[in-house]
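Peer 1: please work out how this folds:
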Amino acid sequence: MFVALLLTLHVGSARAAEPAPLALEKTVLLPNVVGRIDHLSIDLARKHLFVAELGNGTVDVIDLEAGKAIGRIAGLAEPQGIVYVPAPDLIVVASGGDGTVRMFRGGDLSPTGQLALGDDADNVRLDRRSGHVIVGHGSGGLAVIDPLRAVKLADIEVSAHPESFQLEPGSRRIFVSLPDARQIGVVDLEAGRQTGAWTVPDLKANFPLAIDESGARIATVFRSPARLVLLDTKSGAVVANLASCNDADDVFFDAKRQRIYISCGAGVVDVFQSDGANTHLVAQVSTPPGGRTSLFVPELDRLFVAVRARLLRSDASILVFRPTP
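Peer 2: Okay, the predicted model is just below:
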């Protein structure tokens, strides 16, 4: 009841009659989960959602069709990054507390290997071309890992601790949020080095980052002040700079609807619409405060928002939003 009351749509009076761009489809409870929730990943074949529960030291497995948690990996030291690798059926988890990267079978969650990166293993991405995973870690590194053999193949130095990063479609470039350096880093994966650094004057604390399906634009969200910035991937030129919600943690493009979703710890999901050359805010969908982490899955056409447990609510939860129309 508490969640239902909070999930209202705040729009201007001119838009009051328009349908909500995100409809709450269901809420999946996460019993016995305390503390901050970090990243999410998906096994599309099984329709399993993986939830890295940093404060709880666990990863929960949610069966989306059943609408409940069905398994748990425990004993992790602040699990942060997570990615599912389909071909070998592996879950890869990066833990900030001990700097390890651990691999588990997707079917039964049994461990298959681990390696140590040394410090603050964080965001994880799958390189679909090679099947390797890339893990941000330490004071400035992107480790390239073979998850089958649990070995590090390369370590690319960047100018600060990497937060969110994305591989550019059709190329071997990686764009990286480097908030401590106040940069968006450009990395050449083939050359194994950072080749560029883009900055946006007067803005800092850029954490989330996404790249659109065509590879033409990057979306990054700054926290100080709170701004959504779109950049051209060829030149790094700023093509939009818009006010956004506070404490942003994830951002996604919805190519089907030409939208951008931003989940924020302030307790909202910002929904932006792109109409040709223009991008504008169309709605703010309320969530419980602390619902910072999210995952948009185009194949399922759903946005998942993770909400940590609070004093007035016994369970953490995953909110499942269906974009409309």
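Peer 1: quick one: the strands in the stretch 51-200 of the chain, in order.
Peer 2: 58-63, 68-73, 79-85, 90-95, 100-105, 111-116, 124-126, 133-137, 141-146, 151-157, 165-167, 173-178, 183-188, 193-198 (DSSP state E, counting those that start in this stretch).
Peer 1: tabulate those strands (CSV), appending mean neighbour count and distance to residue 311.
Peer 2: For every residue, glycine as well, the C-beta is placed using N, CA and C. Rendered in CSV, the data for those read as follows (neighbours: other C-beta atoms under 10 Å; distance: least, C-beta to C-beta, whole Å):
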stretch, mean neighbour count, distance to residue 311
strand 58-63, 21, 21
strand 68-73, 16, 22
strand 79-85, 23, 24
strand 90-95, 25, 27
strand 100-105, 20, 32
strand 111-116, 15, 35
strand 124-126, 22, 31
strand 133-137, 26, 32
strand 141-146, 21, 38
strand 151-157, 14, 42
strand 165-167, 21, 35
strand 173-178, 24, 32
strand 183-188, 21, 37
strand 193-198, 15, 41
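Peer 1: please parse the protein into its domains.
Peer 2: Residue ranges for each domain of the chain read 1-30+205-325, 37-199, as given by automatic domain parsing.
Peer 1: what's the closest of the strands of the stretch 51-200 of the chain to residue 224?
Peer 2: For the strands of the stretch 51-200 of the chain, the distance to residue 224 is smallest for strand 173-178, at 13.5 Å, taking C-beta to C-beta.
Peer 1: helices or strands next to that closest one in the packing?
Peer 2: Strand 173-178 makes packing contacts with strand 165-167, strand 183-188, strand 204-211 when contacts are defined by 3 or more C-beta pairs under 8 Å, 6 or more residues apart in numbering; DSSP states H and E.
Peer 1: now those strands in CSV, with distance to residue 81 and mean pLDDT?
Peer 2: Shown next, in CSV, are these (distance: least, C-beta to C-beta, whole Å; pLDDT from 0 to 100):
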stretch, distance to residue 81, mean pLDDT
strand 165-167, 10, 98
strand 183-188, 17, 98
strand 204-211, 13, 98
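Peer 1: which residues touch residue 114?
Peer 2: Residues touching residue 114, when contacts are defined by C-beta atoms under 8 Å, 6 or more residues apart in numbering, comprise 100, 101, 102, 103, 150.
Peer 1: can you redo the helices and strands packed on strand 173-178 as JSON lines with distance to residue 321?
Peer 2: Shown next, in JSON lines, are those (distance: least, C-beta to C-beta, whole Å):
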{"stretch": "strand 165-167", "distance to residue 321": "22"}
{"stretch": "strand 183-188", "distance to residue 321": "28"}
{"stretch": "strand 204-211", "distance to residue 321": "17"}
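Peer 1: the ones you listed: which one's closest to residue 173?
Peer 2: strand 183-188 (6.2 Å).
Peer 1: contacting residues around the closest one?
Peer 2: Looking at strand 183-188 with C-beta under 8 Å, 6+ apart, the contacting residues turn out to be 142, 156, 158-160, 162, 165, 172-178, 193-200, 206, 209, 218, 220, 231, 236.
Peer 1: kindly recompute the last result at 10 Å.
Peer 2: Under the contact criterion C-beta atoms under 10 Å, 6 or more residues apart in numbering, strand 183-188 has outside partners 134, 140, 142, 156-160, 162, 165, 167-168, 171-178, 193-200, 206, 209, 218, 220, 229, 231, 233, 236.
Peer 1: okay, now the sheet partners of that strand, with direction.
Peer 2: strand 173-178 (antiparallel), strand 193-198 (antiparallel) (DSSP bridges).
Peer 1: to residue 283, which of the ones you listed lies closest?
Peer 2: Once C-beta to C-beta is applied to the strands paired with strand 183-188, the stretch that comes out nearest is strand 173-178, at 25.0 Å.
Peer 1: just the CA trace of the closest one, in PDB.
Peer 2: As requested, the backbone C-alpha atoms of strand 173-178 are provided in PDB (Å, rounded to 0.1, in the frame of the first residue of the first chain):
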ATOM      1  CA  ARG A 173      35.700   2.200 -28.500                       C
ATOM      2  CA  ILE A 174      34.500   2.400 -24.900                       C
ATOM      3  CA  PHE A 175      33.100   5.500 -23.300                       C
ATOM      4  CA  VAL A 176      33.700   5.800 -19.600                       C
ATOM      5  CA  SER A 177      32.400   8.000 -16.800                       C
ATOM      6  CA  LEU A 178      35.400   9.300 -14.800                       C
END
